[in-house]
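# Model the following, please.
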Amino acid sequence: MKKFRQINRQRRNRAFRVSNAVKRYSSRPRLCVFRSNTNVYAQIIDDDLAKTLVAASTRDKDVRGEISNGGNCAAAEKIGELIAKKAIEAGIKQVAFDRHGFKYHGRIKALADAARKAGLDIGAAGEEKIAKNDNAKNTKPKNNNDKKTKTIKDDKNAAGKSSNTKKNK
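Numbers count the residues shown, from 1 in each chain. This next block holds a predicted model:
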């Protein structure tokens, strides 16, 4: 039981970290995804208005008739296509992908890829990481610790030499 609590706590922390990063660095509405063992849910949220713009899930009546199991990759692909069609109809073409703490694998990846194929601009897989790393390199302040450590070392050496010379005299 302790192991399950630890896993859930880690996922909650990861979800908090991922969602906040998406909210902080993107002005796009976010495509937030949740998966349970039996269903997949997706919604596009505008954080400025604090409003859900478009939503789709495997529990919708239209989708339930088309799929037999809501907790597999085929169902996630169907939801990805559906959410992309609804978003494009609502005039949303670009979104930021919020995986909500889930690993980008399996159903989450299937949903994102299906939404991309249906015309929704989520960004290329792995593009956000590269962009963040480039921005971090460009905005990183220069480290002046090297100069300080050299001067401190020089001062110590000078002090050590002077103290040695006094002893020698």
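# Pull the number of nearby residues for the closest residue to Glu66 other than its chain neighbours.
Nearest non-adjacent residue to Glu66, counting by Cβ to Cβ, 6 or more residues apart in numbering: Lys78, 6.5 Å away. For every residue, glycine as well, the C-beta is placed using N, CA and C. Residues near Lys78, counting by other Cβ atoms under 10 Å, number 20.
# cool, Gly123 as well?
Number of residues near Gly123 (other Cβ under 10 Å) recorded here: 16.
# Enumerate every residue touching it.
By Cβ atoms under 8 Å, 6 or more residues apart in numbering, Gly123 lies in contact with 96-97.
# what's the spacing between it and Leu31?
Per Cβ to Cβ, to the nearest Å, Gly123 is found 11 Å from Leu31.
# what is in contact with the two at once?
Each of 96-97 lies in contact with both Gly123 and Leu31 under the rule Cβ under 8 Å, 6+ apart.
# Mind pulling up the pLDDT for Arg134?
That one is not Arg; residue 134 is Asp. Note for Asp134: predicted pLDDT of 56.
# Beyond the helix or strand harbouring Lys78, next helix or strand please.
Using DSSP states H and E, Lys78 falls within helix 73-89. In the C-terminal direction, the helix or strand that comes right after helix 73-89 (DSSP H and E) is strand 96-98.
# and that next one, what does it pack onto?
In terms of contacts (3 or more Cβ pairs under 8 Å, 6 or more residues apart in numbering; DSSP states H and E), strand 96-98 is packed against helix 2-25, strand 30-35.
# Make CSV out of the ones you listed and add mean neighbour count and mean pLDDT.
Below are the helices and strands packed on strand 96-98 laid out as CSV (neighbours: other Cβ atoms under 10 Å; pLDDT from 0 to 100):
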stretch, mean neighbour count, mean pLDDT
helix 2-25, 12, 85
strand 30-35, 22, 93
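# CSV please, covering these and showing distance to Ile88.
Listed next are the helices and strands packed on strand 96-98 as CSV, based on distance: least, Cβ to Cβ, whole Å:
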stretch, distance to Ile88
helix 2-25, 21
strand 30-35, 13
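# Ala115 is nearest to which of these?
Ala115 lies closest to strand 30-35 among these, at 7.0 Å (Cβ to Cβ).
# So what are the sheet partners of the closest one and their directions?
strand 40-46 (antiparallel), strand 96-98 (parallel) (DSSP bridges).
# That's all I had, so thanks and see you.
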